[in-house]
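1. What would the 3D arrangement of this be:
(one chain, ligands or ions: 1)
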Amino acid sequence: MITVNCNLCGRDEYRVRFPATAESDALHVDAFRCTHAGYGHHPQIVECCHCGLVYANPRWPTGTVLDAYTAVEDETYVEERHGRELTFRHHLRQIERIVGPADGRALLDVGAYIGVFVEVAAAAGWRAQGSSRQPGRRPRRAGAVWPSTPARWPRSICRPSRSTW
Ligand SMILES: [Zn+2]
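-> The predicted model follows:
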């Protein structure tokens, strides 16, 4: 585990938002599967006192996390696709209660995996796109899923035409 400064403003003053729930500092690749019983266990989550960014600190080095995401396979998640669509439609309605209807606005799903939420959002009228560690290996029907590295994203993701916030 490493300690890091805020990725947004570079400062190192934070308050703890959520104590760690992971039982150890060891990283287990299986725990990166959404359908794993240990999914959701996390290192300490903090909030930057200056800009409000919420992030994990301390955390595993970036390369270690990327390697784990690259190695993970979750066939159960794919097999449960219909249930995911229902869940994501529910979540999208909750989001729209806060930010308003799609109205052709941009939506970015960071960590889109196989792009189910991107598809659901696109069907609801969002200009939906997502990022995934392995976009080339994932099926997708609507929207687009791009590599997780922002430098490789299309300009339209980095500079949406209208903010949703
Ligand atoms: Zn900050």
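
2. Which parts of the protein are strands?
-> For the chain, strands defined by DSSP state E occupy the ranges 14-18, 45-48, 54-56, 106-110, 127-132, 144-147.

3. Buried residues of stretch 34-52, list them for me.
-> Going by neighbour count (16 or more other Cβ atoms under 10 Å), the buried part of stretch 34-52 is 36, 43-48. No exception for glycine: its C-beta is placed from N, CA and C like everyone else's.

4. can you redo those as TSV with distance to the ion and pLDDT?
-> Formatted as TSV, the buried residues of stretch 34-52 follow (distance: Cβ to the ion, whole Å; pLDDT from 0 to 100):
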residue	distance to the ion	pLDDT
His36	31	82
Pro43	18	90
Gln44	16	94
Ile45	14	95
Val46	10	96
Glu47	9	95
Cys48	3	96
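
5. returning to what we had before: winner for burial among the strands of the chain?
-> Burial of the strands of the chain is given as mean neighbour count (mean count of other Cβ atoms under 10 Å); strand 127-132 ranks first at a mean of 24.

6. hmm, back to that, distance to Gly115 added to the buried residues of stretch 34-52, as TSV?
-> Below are these laid out as TSV (distance: Cβ to Cβ, whole Å):
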residue	distance to Gly115
His36	20
Pro43	27
Gln44	30
Ile45	26
Val46	30
Glu47	29
Cys48	30
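
7. tell me which of these is nearest to Arg93?
-> Nearest to Arg93 among these: Ile45, at 25.7 Å, using Cβ to Cβ.

8. what domains does the record give for the protein?
-> 14-75, 80-158 (automatic domain parsing).

9. That'll do, ta.
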